[in-house]
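**Student:** okay, sequence plus prediction incoming.
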Amino acid sequence: MDGIRVKICGLTRPEHVRAAVAAGAGYLGFVFFPKSPRNLRIDAAAALALDVPPGVAKVALVVDADDALLDEITAHVPVDMLQLHGAESPARVAEIRARYGLPVMKAVGIGEAADLDKLDAYMPVADQILVDAKPPKGADLPGGMGVPFDWRLIAGRHWGKPWMLAGGLTAQNVGLAVKLTGARQVDVSSGVECAPGEKDEGMIRDFIAAAQGS
Ligand SMILES: O=C(O)c1ccccc1NCC(=O)[C@H](O)[C@H](O)COP(=O)(O)O
């Protein structure tokens, strides 16, 4: 079986992009959400994308984005995938996928078993599903909070689409998370940061080594 594919999300600096690529990341996430400490301007994201070699997917993360923002991102940044991290309906996911002709990954927050039902509606319309932790009530951000969910909720689950595990992963816990959930793809942001929005090259390397060694 192929190794675990890792997505490093919320990159803002070229040295961190290069560290993630050199360590073997399969996906790099760029955040377009002004409230986030990882938010990127379009021109900054376009410059970062220049450092990404073919074969490493550049993912634009947006939250309930309108077409104007998506038009601007896709016109100026050579992204390979759109990550929808808001309350986008299945119909909106399908609309975005058709309009931009890019693969779409829909994030779904899991806090309890009942949340798993929400995943089914996205299976026909999304190319990938990001199975993420539900943000705590009153959180400033709908993701990237560094909080895990109870991985036992999805132990042994199989979905008909590629999926990624996210939420509070670190170099210390990713091995257990992979073992419990059977995930073949994992996504991290806070767990490779030394302060909110500040990536750390050593933590990026440690995370990827831990994930790929699991
Ligand atoms: O990272 C952000 O600031 C962010 C803002 C708005 C929506 C989602 C956001 N991040 C999502 C991610 O970085 C990951 O896809 C995932 O949720 C993992 O985050 P973390 O728990 O910090 O590892």
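**Tutor:** Happy to help now that I have it.
**Student:** and Arg97, what element?
**Tutor:** Arg97 belongs to helix 90-100 when assigned by DSSP states H and E.
**Student:** neighbours of Trp159, just the number please.
**Tutor:** 15 (other C-beta atoms under 10 Å). For every residue, glycine as well, the C-beta is placed using N, CA and C.
**Student:** ok, now Pro37?
**Tutor:** 15.
**Student:** I'd say it and Lys199 touch.
**Tutor:** No - with contact defined as C-beta atoms under 8 Å, Pro37 does not reach Lys199; the gap is 10.9 Å.
**Student:** quick check: the nearest residue to Arg5 once chain neighbours are set aside vs the ligand, distance?
**Tutor:** Nearest residue to Arg5 in three dimensions, chain neighbours excluded: Gly26, at 3.9 Å (C-beta to C-beta, 6 or more residues apart in numbering). Gly26 is 14 Å from the ligand, where distance means C-beta to the nearest ligand atom, to the nearest Å.
**Student:** residues contacting Gly26?
**Tutor:** By C-beta atoms under 8 Å, 6 or more residues apart in numbering, the residues touching Gly26 are Arg5, Val6, Lys7, Val56, Ala57, Gln185.
**Student:** now with 10 Å, please.
**Tutor:** Residues counted as contacts of Gly26 (C-beta atoms under 10 Å, 6 or more residues apart in numbering) are 3-8, 20, 55-57, 185-186, 208, 212.
**Student:** restricted to strands, list those.
**Tutor:** Arg5, Val6, Lys7, Ile8, Ala57, Gln185, Val186 (DSSP state E).
**Student:** what's the overlap in contacts for Pro37 and Lys199?
**Tutor:** Between them, Pro37 and Lys199 share the contacting residues Gly10, Thr12, Glu193, judged by C-beta under 10 Å, 6+ apart.
**Student:** my read: the last one touches Pro37, true?
**Tutor:** This points to Glu193. Yes - between Glu193 and Pro37 there is a contact under C-beta atoms under 10 Å: 9.0 Å.
**Student:** intersection of neighbour lists for those two?
**Tutor:** Common neighbours of Glu193 and Pro37 (C-beta under 10 Å, 6+ apart) are Gly10, Gly144.
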